[in-house]
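Undergrad: coordinates only, sequence not included:
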Ligand SMILES: CC(=O)SCCNC(=O)CCNC(=O)[C@H](O)C(C)(C)COP(=O)(O)OP(=O)(O)OC[C@H]1O[C@@H](n2cnc3c(N)ncnc32)[C@H](O)[C@@H]1OP(=O)(O)O
Ligand SMILES: CC(=O)C(=O)O
């Protein structure tokens, strides 16, 4: 019976690091390798030992680690023309890497044989055969990467197949067809893969796709449908130029949609955390709109969509987000309808059942405020306050009587910020002053000072992010700005928003709502426990 099992070959640590802005230390590589092993990846290509000391160090470290599932792979080229295998530094580095498997790339395309290597057709075939044979003689499993396979095949199919023949006869366990320049189309991939499989029916054929035509996933799926059973790619699609095929998309597509067996089903729900882990270690911002695993992959914004999703999520979701470890989100904005407000209120713990008649007013207020420049998508603290104010559930915990902010700069270029604030708290007037590194810091400190006597828990929360966006650039320094503040307490975070022509006033609104939201949440928690 035809096998539906796919060998997953991850090259994040090798081809992924050829991507701009990606650099991993040998320790980073070890951490990612361990996670890939846990995720059920079959082969982990760790780097090119003949390239640099860092990769050598990684293979030395990896020798002391036992991978439960994956085979570790060291990568390199065929030997240099004119060398014998045992005198070729690259092949010897592959032997010494101490891995059970190696991957060797060789030339398929005569254009490259002549231009890049400057050798004859026959010489290239000899390099491939001798290099693979040398590695198998050292008891290595050899994955043969046929560089530029599709371009080479289109140029000269006979020669391209001869290169594979050399690798197969020398004992390669898999022949991997590389779309190195990433420009091949899915229909070409299908046709060429079928021909190769017809010629090598007993050898595992693999695919290694680059994304220059934004077709790496499509090409990989087409290759598998045409018979490839070995798939190379990287986590998050990191890789040279436009990247390699993204395994975080390929794995769910192959397994959930096409019925292939890639990883244990219980590991599928870890794909999102694997993607985020790798971006964290690589120090690359996760891409919110990434398919399957991105923060926005299951985020619904349009009112009509949210209404339908609340009736049945399948109306606007291609899979259940939890299957890949992601989660559904509903966003609020001027594109919202009543359904967004109901969904968000549930999420915020606001019971809207008794305030059904207020929901149109909330939607209207939201649209009006968004029109003024407020943005509630990432400001759930401010949204919570807006809803509670309209339902009448909200009680002001303090009332502003006024504030003043002074910024001074002296002839020694020293800058000083001071804020004074007057508030009514529980009927008592508080008048405080504080210095800060900047005006918002000073305001924050003065506000805390004024309310901490009444609400000491305010010391448990901090601002974690502050963003300003100019709303009408053409007005220059007189433009309206939107300030978004993120705050946090014990791992919980919330956003608040302020808008004004005055950046201090916009900051004040966001700052004040941040504390008001937090104190109110504390109050609700205390009431629920008493
Ligand atoms: C499609 C791919 O992703 S292949 C992987 C590409 N990745 C990398 O190149 C990253 C690691 N590379 C390196 O660290 C270095 O390029 C090294 C150590 C491999 C080689 O460095 P150098 O000896 O200084 O050579 P340089 O990088 O300038 O050029 C590459 C050489 O490899 C040769 N070469 C290229 N492909 C092959 C091949 N398949 N088989 C044998 N030799 C090859 C080139 O002809 C060139 O030789 P030349 O110096 O005689 O012209
Ligand atoms: C081998 C490889 O990385 C490529 O051909 O793209």
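TA: That came through, no problem. Everything quoted here is computed from the prediction, not taken from an experiment. Ligands and ions are numbered 1, 2, ... in the order given.
Undergrad: Endpoints of stretch 406-425, how far apart?
TA: Taking Cα to Cα, to the nearest Å, the first and last residues of stretch 406-425 lie 24 Å apart.
Undergrad: got the buried residues for that stretch?
TA: With burial defined by 16 or more other Cβ atoms under 10 Å, the residues of stretch 406-425 counted as buried are 417-423, 425. Quick note: C-beta positions are derived from backbone N, CA and C, even for glycine.
Undergrad: tell me which of these is nearest to residue 113?
TA: For these, the closest approach to residue 113 (Cβ to Cβ) belongs to residue 417, at 67.2 Å.
Undergrad: check which helix or strand covers that closest one.
TA: Using DSSP states H and E, residue 417 falls within strand 415-425.
Undergrad: Spell out which parts of the chain neighbour ligand 1.
TA: Contacts of the chain with ligand 1, taken as Cβ under 6 Å from any ligand atom, map to 15, 18, 48, 50-52, 77-78, 80, 105-107, 116-117, 147, 180.
Undergrad: The same query, at a cut-off of 5 Å, please.
TA: Along the chain, the residues adjacent to ligand 1 under the rule Cβ under 5 Å from any ligand atom are 51, 77-78, 117, 180.
Undergrad: How confident was the prediction at the nearest residue to residue 68 once chain neighbours are set aside?
TA: With Cβ to Cβ, 6 or more residues apart in numbering as the measure, residue 37 is the residue that lies nearest to residue 68, at 5.9 Å, once sequence neighbours are left out. As predicted, residue 37 sits at a pLDDT of 98.
Undergrad: So residue 37 sits against residue 71, correct?
TA: No. The criterion here is Cβ atoms under 8 Å, and residue 37 misses it with residue 71 at 9.8 Å.
Undergrad: Specify which member of the residues of the chain next to ligand 1 is nearest to ligand 2.
TA: Nearest to ligand 2 among the residues of the chain next to ligand 1: residue 180, at 3.6 Å, using Cβ to the nearest ligand atom.
Undergrad: Tell me how many other residues surround the closest one.
TA: Residues within reach of residue 180, counting by other Cβ atoms under 10 Å, total 24.
Undergrad: can you pull the contacts of it?
TA: Counting by Cβ atoms under 8 Å, 6 or more residues apart in numbering, residue 180 makes contact with 147-149, 151, 208, 210.
Undergrad: Assign the residue in the stretch 351-500 of the chain that ligand 1 sits nearest to to helix, strand or coil.
TA: At 37.0 Å from ligand 1, residue 465 is the closest residue in the stretch 351-500 of the chain, using Cβ to the nearest ligand atom. Here residue 465 is strand, with the state taken from DSSP: H, G, I helix; E, B strand; the rest coil.
Undergrad: Might you report the residue contacts of it?
TA: Counting by Cβ under 8 Å, 6+ apart, residue 465 makes contact with 484-486.
Undergrad: Can I get the residues you listed in a markdown table including pLDDT, neighbour count and distance to residue 281?
TA: Supplementary listing: those in a markdown table, determined by pLDDT from 0 to 100; neighbours: other Cβ atoms under 10 Å; distance: Cβ to Cβ, whole Å:
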| residue | pLDDT | neighbour count | distance to residue 281 |
| --- | --- | --- | --- |
| 484 | 96 | 21 | 27 |
| 485 | 96 | 27 | 28 |
| 486 | 96 | 19 | 23 |
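Undergrad: from those residues, which ones fall inside strands?
TA: 484-486 (DSSP state E).
Undergrad: for these, which one is nearest ligand 2?
TA: Closest approach to ligand 2 among the ones in strands among the contacts of residue 465 (Cβ to the nearest ligand atom): residue 486, at 39.7 Å.
Undergrad: Surely the closest one touches residue 463?
TA: Yes. In terms of Cβ under 8 Å, residue 486 counts as a neighbour of residue 463; the distance is 7.3 Å.
Undergrad: returning to what we had before: partner residues bridging the residue of the stretch 351-500 of the chain closest to ligand 1?
TA: The residues paired with residue 465 through beta bridges, assigned by DSSP bridges, are residue 486.
Undergrad: remind me, longest helix of the chain?
TA: helix 503-529 (DSSP state H).
Undergrad: what comes up buried for that one?
TA: Within helix 503-529, the residues that count as buried by 16+ other Cβ under 10 Å are 503-504, 506-522.
Undergrad: Mind giving me the packing neighbours of that helix?
TA: In this structure, helix 503-529 packs against helix 380-391, strand 399-409, helix 439-451, strand 462-470, strand 481-489, strand 492-500, with contacts taken as 3 or more Cβ pairs under 8 Å, 6 or more residues apart in numbering; DSSP states H and E.
Undergrad: What helices and strands are in contact with the first one?
TA: Translated: helix 380-391. Packing partners of helix 380-391 (3+ Cβ pairs under 8 Å, 6+ apart): helix 338-348, helix 359-372, strand 492-500, helix 503-529.
Undergrad: elements contacting the second one?
TA: Just to be clear, that refers to helix 359-372. For helix 359-372, the helices and strands in contact under the criterion 3+ Cβ pairs under 8 Å, 6+ apart are helix 338-348, helix 380-391.
Undergrad: count of residues packed around the residue in the chain that ligand 1 sits nearest to?
TA: Distances from the chain to ligand 1, computed as Cβ to the nearest ligand atom, single out residue 51 as the nearest residue at 3.3 Å. The tally of other residues near residue 51 (other Cβ under 10 Å) stands at 15.
Undergrad: Tell me what the residue nearest to residue 247 when sequence neighbours are not counted is bridged to.
TA: Computed as Cβ to Cβ, 6+ apart, the closest residue to residue 247 that is not its neighbour in sequence is residue 233, at 4.2 Å. With DSSP bridges applied, residue 233 shows beta-bridge pairing to residue 10.
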